[in-house]
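Enquirer: Sequence below, structure please.
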Amino acid sequence: MDIVDTHCHIISEDLAVYPRAPIGGNQSQWAVSRPVTAEGMVSRMEEAGIRQAVLVQATTAYGYDNSYVLTSRKRRPERFVAVGTFDPLRPGAGARLLDLVGEGGLAGVRLFTSGSTVPAQGEWFAAPETYDFWRTAEEAGVTVCLQMRLGPATRHLISVLERFPGVRVLLDHLGYPDIATSPGAAGAEVAELAKNAGLHLKLTHRNLERLHDAGKEAVDFLQPVVEAFGADRIAWGSNCPAAEQSLPELVGLAKEVLDVLSEEAREDIFAGTARRLYPGLGAARD
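Expert: Predicted structure coming up:
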């Protein structure tokens with residue numbers, strides 16, 4: 001099976017060339033205890049049967065300094081594309097975005113509005129000051145990864161999608177829906193967002209672990225979400241090495257949980273959607 005990992009992180013061993021500057025001022029625990037270099041990621045990918053990956057900037061290690069993912073992409077273009085963390089509130093955000101996804105080498109950008117070291121959910125991603133960024137991303141066809149939690153901030157996400165209906169947003173970790181409490185209720189919450197055509201979902205271990213725990217009830221989440229979005233708007237990502245499991249284990253987890261879906265749907269989730277969102281990956285090879 002063709003597999004593209006849309007969500008993995010790399011950390012350099014060279015602190016002089018790539019100094020740590022985590023957003024929020026604190027490094028995430030995984031970045032300190034189990035970092036993986038770009039070459040280490042290639043080895044893990046080979047072990048797991050993954051041909052290509054999207055290097056998502058380790059925001060809780062490097063903040064807005066995207067140097068390491070860009071350098072790694074340049075060194076292994078057959079393996080990687082890079083997504084860098086971006087600040088849409090800075091003046092001239094639209095022009096900077098075009099520079100970064102053009103000659104700058106990024107395949108897309110990420111807005112980090114909440115996470116392990118930023119527990120409060122920011123709403124700044126929908127502020128009027130960001131409209132230049134969103135308008136440019138829409139016009140240029142740039143995929144924007146959004147790290148946020150569904151809940152009070154959902155209305156801000158919807159406002160962006162309605163104002164800029166052509167923009168492509170890839171929601172990290174599905175927005176952390178509460179699958180553990182009720183797979184069915186969580187599925188309905190996520191499925192409701194499918195009416196926004198530009199929204200895509202990134203399915204990672206943070207969701208797959210909860211679905212695995214749900215057993216047969218996992219279908220109560222998967223069925224409405226896949227029916228509403230279509231598998232062509234859902235992409236798998238490992239979240240390695242933030243996830244504690246090995247990369248082969250993470251692939252195995254995804255295959256086990258998604259086995260209830262059709263082969264065509266699984267092909268989209270494991271690679272097809274990623275290749276459409278990030279054309280720099282190229283077409284699948286036999």
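
Enquirer: Contacts only, for V142.
Expert: Applying Cβ atoms under 8 Å, 6 or more residues apart in numbering to V142 gives the contacts L97, V101, G108, V109, T136, R168. Bear in mind the C-beta positions are built from the backbone N, C-alpha and C, glycine included.

Enquirer: Kindly recompute the last result at 6 Å.
Expert: Counting by Cβ atoms under 6 Å, 6 or more residues apart in numbering, V142 touches V101, G108.

Enquirer: quick one: it from R51, how far?
Expert: Separation of V142 from R51 (Cβ to Cβ, to the nearest Å): 23 Å.

Enquirer: Find the nearest non-adjacent residue to the residue minimising distance to the centre of the chain, please.
Expert: By Cα atoms, centre = their mean, the chain has its centre lying nearest to D172, at 4.4 Å. With Cβ to Cβ, 6 or more residues apart in numbering as the criterion, D172 has its nearest non-adjacent residue at 4.4 Å, and that residue is Q147.

Enquirer: Show me the beta-bridge partners of that neighbour.
Expert: Q147 forms beta bridges with F112, as assigned by DSSP bridges.

Enquirer: so it makes contact with F112?
Expert: Yes. Contact criterion Cβ atoms under 6 Å: Q147 and F112 qualify, at 4.8 Å.

Enquirer: what ranges do the helices span in the chain?
Expert: Taking DSSP state H as the test, the helices found in the chain are 29-33, 38-48, 59-62, 67-75, 93-101, 131-140, 154-163, 183-191, 205-214, 218-229, 247-257, 263-267, 273-277.

Enquirer: Compute the inter-axis angle for the longest one and helix 183-191.
Expert: For helix 218-229 against helix 183-191, the angle between stretch directions is 20 degrees (axes from the mean of the first three to the mean of the last three Cα atoms, to 10 degrees).

Enquirer: Next, the buried residues of helix 218-229.
Expert: Neighbour-count burial for helix 218-229, counted by 16 or more other Cβ atoms under 10 Å, picks out A218, V219, D220, F221, L222, Q223, P224, V225, V226, A228, F229.

Enquirer: again, but for stretch 252-265
Expert: L253, A254, V257, L258, L261, A265.

Enquirer: want to throw the residues you listed into a markdown table with pLDDT?
Expert: Shown next, in a markdown table, are the buried residues of stretch 252-265 (pLDDT from 0 to 100):
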| residue | pLDDT |
| --- | --- |
| L253 | 98 |
| A254 | 98 |
| V257 | 98 |
| L258 | 98 |
| L261 | 97 |
| A265 | 98 |
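
Enquirer: so how many other residues sit close to R90?
Expert: 13 (other Cβ atoms under 10 Å).

Enquirer: Which pLDDT value goes with it?
Expert: With respect to pLDDT, R90 scores 94.

Enquirer: How many residues are close by T85?
Expert: By the measure other Cβ under 10 Å, the count of residues near T85 is 23.

Enquirer: whoops, R79 was the one
Expert: The local packing of R79 (other Cβ under 10 Å) involves 19 other residues.

Enquirer: List the contacts of it.
Expert: Neighbours of R79 in contact, by Cβ under 6 Å, 6+ apart: V42, Q52.

Enquirer: Would you list the phi and psi of it?
Expert: Backbone geometry at R79, expressed as degrees, to the nearest 10, gives phi -110, psi -40.

Enquirer: lowest confidence element among the helices and strands of the protein?
Expert: Ranked by mean pLDDT, DSSP states H and E, the weakest helix or strand in the chain is helix 29-33, scoring a mean of 87.
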